[in-house]
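Trainee: Pasting the sequence and the predicted model now:
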Amino acid sequence: MHSGPVVIAFDGSPAALRALRAAAELLAPRPGLVVVVWEAGAAYDLASIPSAGLDLPPAQLDLRTAAELDQSLYADAQELARHGAAIAGSLGMPADALAVADDTTVSETLVRVAGEIDAAAVALGRHGHSALYDVLLGSTAGGLLRHAPCPVVVVRGTEKRS
């Protein structure tokens, strides 16, 4: 049996809010850990991407500006995680907040975090992408279902799919 908290993947979307509510309803009073995965270094990547098809050089972004933007993205991720933890607490699930940099994919990052804290479960919302989207770009839910070291609760979206 896993002794750690429930990891709740959170990005502020309606799907993530549904997952947070479901985790609190199903798994409280076990504590939660609301995790926001953010893209560290995205500002540096933007500086090196040329304008496709326009034969333009990459945008000029100095390192200080890129570092400030990266810090701002991290601060936003921390705030979002705290917001999710506050919502979980209001639903009867005491929760901590964690903003963590993306390792390679969101699912791999969540698997790593779940393993490190001996998570009791991982909960996440399904965004309702098409099967083709999942095949081409991958699926966070699919990656977690295949690799998580604990049970995974996937909360289906309310979107109608054809």
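Mentor: Great, that's in hand.
Trainee: Give me the phi and psi angles of residue 105.
Mentor: Main-chain torsions, residue 105, degrees, to the nearest 10: phi -130, psi 160.
Trainee: Can you get me the start-to-end distance on stretch 108-127?
Mentor: In stretch 108-127, first residue to last residue: 18 Å (CA to CA, to the nearest Å).
Trainee: longest helix in the chain, by residue count?
Mentor: Taking DSSP state H as the criterion, the chain has its longest helix at helix 63-90.
Trainee: And the nearest residue to residue 125 once chain neighbours are set aside, how close does it get to residue 127?
Mentor: Distances taken as CB to CB, 6 or more residues apart in numbering put residue 15 closest to residue 125, at 3.0 Å, once the chain neighbours are dropped. Where C-beta positions appear, they are placed from N, C-alpha and C, glycine not excepted. For residue 15, the distance to residue 127 (CB to CB, to the nearest Å) stands at 5 Å.
Trainee: Correct me if wrong: the residue nearest to residue 125 contacts residue 155.
Mentor: Yes - using CB atoms under 8 Å, residue 15 is in contact with residue 155, at 7.1 Å.
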